[in-house]
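# Generate a structure from the sequence data that follows.
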Amino acid sequence: MEIIACPNCGSRRIFQGRMGDGVLTGYTSRNVCRNCGYQGMPIIFDSEIDYKNFLKRKSKDITSPEIEKKEIKKEMIKQKIKRPIGVTFLVFIIILEAIITIYIYYSLLGFKVSTLLWIYYVSIFMISAIILPYGLLKGREWAWTFGGILFAMSIPIGLIFLYYITRPHVRAFFGKN
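Here you go, the predicted model:
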């Protein structure tokens, strides 16, 4: 009896990667662990005894999927996920883009801007240059969702950002496993 397990966490929840995992199905055959997000070759055990010995060495006793999920959530809370450097770079680009956009609007329209239009520009600036970057830097789920919507609407550069925030390590930072 063959047992396929993740070398990172020991989970048996190993599946072929999907597009959301950063794997192009049909072009690559990368396996993905659904618990920890590990991508690569799994460990194949010949018997249940070998698998249990491996788990003992990992100092994890997995008896049921519910306990396994609880242990993973506890570990995630204990272990603070480090912010990917790309998120910081993305925030810098978003702030820079918002400042340049407001400057261009202001220079083109000059002082002839109506109060209502000016309030609109300032609110867009507040959302795109302050609130969204703050949420992205802090790893908030709502910022990941809102940023994804904004990136999908701003073609073609936004699609690059959208691709980046859907990578497994970035999704893990935002708590989207």
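# what pLDDT does Ser114 get?
On pLDDT, Ser114 comes in at 69.
# Okay, now the unreliable bits of this protein?
Within the chain, the stretches with pLDDT under 70 are 17-29, 59-80, 109-114, 118, 121, 177.
# so what does the helix or strand where Ala152 lies touch, helix or strand wise?
Element membership for Ala152, per DSSP states H and E: helix 141-153. Where contact means 3 or more C-beta pairs under 8 Å, 6 or more residues apart in numbering; DSSP states H and E, helix 141-153 is packed against helix 132-138, helix 157-165. Every C-beta, even on glycine, is put in place using the N, C-alpha and C of the backbone.
# Report the buried residues of it.
For helix 141-153, the neighbour count (16 or more other C-beta atoms under 10 Å) marks 143-144, 146-148, 150-151 as buried.
# Same check on stretch 116-136?
125, 128-129, 132-133, 135-136.
# cool, and stretch 86-97?
87, 90-91, 94-95.
# which one among these gets closest to Leu159?
Nearest to Leu159 out of these is Leu90 (C-beta to C-beta; 13.2 Å).
# Moving along the chain from the host helix or strand of that closest one, name the first helix or strand you hit.
Element membership for Leu90 (DSSP H and E) is helix 85-109. In the C-terminal direction, the helix or strand that comes right after helix 85-109 (DSSP H and E) is helix 115-126.
# Return the list of helices and strands in contact with that following helix.
So helix 115-126, by 3+ C-beta pairs under 8 Å, 6+ apart, packs with helix 85-109.
# Now do the helix it packs on: everything it contacts.
The contact list for helix 85-109, computed with C-beta atoms under 8 Å, 6 or more residues apart in numbering, reads 113, 117, 121, 124-125, 128-129, 132-133, 136-137, 161, 164-165, 170, 173.
# Can you give me the domain boundaries for this protein?
Listed by automatic domain parsing, the domain ranges of the chain are 3-77, 85-173.
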